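Chemist: Test case, fold it:
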Amino acid sequence: MMRRAHTKGWCLIILAIIAGVQLQKNEFSVQHASEHHIYRPALQPTDTLPPIETYTLKNHVGKPCIKATMGVEYIVIENKKTWYYNLDPSRIKIGGYCGKEAAVLSLTLPDNASILELGFRKERNIFYVSNLTAHVSPLPVCQGCVNKTYSGVLTDDKLFAVADGQSFKCNSENLLLTSPELRIRLVPLQIQAFTLLKGHYGKEVECWADFTKRVIPIIIGATVVGLFLIAVTTSLFLKDRRREGYDRL
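Modeler: Sure, this is the predicted structure:
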């Protein structure tokens, strides 16, 4: 009887130790779970240039099929006030897929705090962005404000369209209105899909905004010079006519 009681006592002690260890493990798990914070970007009241990054998506054989160099800024309209968030490239997860005539580039923040998705189409020898989907779930813009997700979709027939094997490039900003509450600003932008020789950009095609910025000052300068030359020529011509008139008198 003494031996049985002694054995029973040891069993109770062992069970108590196991229960204590399990309780500590459960407490650690609850504490660890409570320490996990869902990532939410912070909106800013001022507009700044976003950091530039090159994002590359490869197909199933490891060959680049989409390449985009850009800075991305989310512009949120809340209570008639404008807020800004610059996409942080260091936190981005690149996803999507590559097909022969359709492809998607997806840029996602942790906890799906934001997603920017570009859909590409290829028709004959031209590729373009056919749609853009975006959403962002930032920290509330004020104390007591509820968490809110801002989302939008932009569908365009041929956005950033260029010939296959070439790249669309624009140093001027591209402001894309996806919804009344959310706009996406891409600045600068260079993008190419489907055909990338050795993963490099092809021949650059300049956007219209860059072209006008470069050409209009030249046109204005040439016009000013032309008007100046016309004025000088006219002045000299009139002086010569006056001199000829004086000689005849």
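Chemist: so where's this structure uncertain?
Modeler: The model of the chain has pLDDT under 70 over residues 1-36, 215-249.
Chemist: Tell me which residues of stretch 56-66 come out buried.
Modeler: Leu57, Lys58, Pro64, Cys65, Ile66 (16 or more other Cβ atoms under 10 Å). All C-beta atoms are positioned from the backbone trio N, CA, C, and that covers glycine.
Chemist: Next, format these as TSV and append secondary structure and distance to Arg121.
Modeler: As requested, those are arranged in TSV below (DSSP: H, G, I helix; E, B strand; the rest coil; distance: Cβ to Cβ, whole Å):
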residue	secondary structure	distance to Arg121
Leu57	strand	15
Lys58	strand	19
Pro64	strand	18
Cys65	strand	13
Ile66	strand	12
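Chemist: from those, which is closest to Asp47?
Modeler: Ile66 (27.8 Å; Cβ to Cβ).
Chemist: quick one, what contacts the closest one?
Modeler: 55-57, 96, 98, 103, 105, 118, 120, 192-194, 196 (Cβ atoms under 8 Å, 6 or more residues apart in numbering).
Chemist: Also Ser151?
Modeler: Thr133, Ala134, His135, Val136, Thr178, Ser179, Leu182.
Chemist: From Glu173, how far out is the closest residue to the fourth one other than its chain neighbours?
Modeler: Setting aside the residues directly before and after it, Val136 is nearest to Ser114 in space (Cβ to Cβ, 6 or more residues apart in numbering), at 4.1 Å. In this view, Ser114 and Glu173 are 19 Å apart by Cβ to Cβ, to the nearest Å.
Chemist: Which stretches in this structure count as strands?
Modeler: 52-58, 64-78, 81-86, 93-98, 102-108, 114-123, 126-136, 150-163, 167-170, 174-177, 182-193, 204-206 (DSSP state E).
Chemist: contact partners of the first one?
Modeler: When contacts are defined by Cβ under 8 Å, 6+ apart, strand 52-58 is touched by residues 64-71, 89, 92, 94-96, 98, 103, 105, 107, 188, 199.
Chemist: Ala134 and Leu177 touch, don't they?
Modeler: No - look at Ala134 against Leu177 with Cβ atoms under 8 Å: they stay out of range, at 10.8 Å.
Chemist: Looking at those two, which is more packed in?
Modeler: Neighbour comparison, Ala134 and Leu177: the larger count goes to Ala134, with 23 against 11 (by other Cβ atoms under 10 Å).
Chemist: Quick check: the more buried one vs Val146, distance?
Modeler: From Ala134 over to Val146 (counting by Cβ to Cβ), the distance is 21 Å.
Chemist: where do the contact lists of Ala134 and Leu177 overlap?
Modeler: Joint contacts of Ala134 and Leu177 (Cβ under 8 Å, 6+ apart) are Gly152.
Chemist: okay, Ser114 and Glu173: which has more neighbours?
Modeler: Ser114 (27 against 15).
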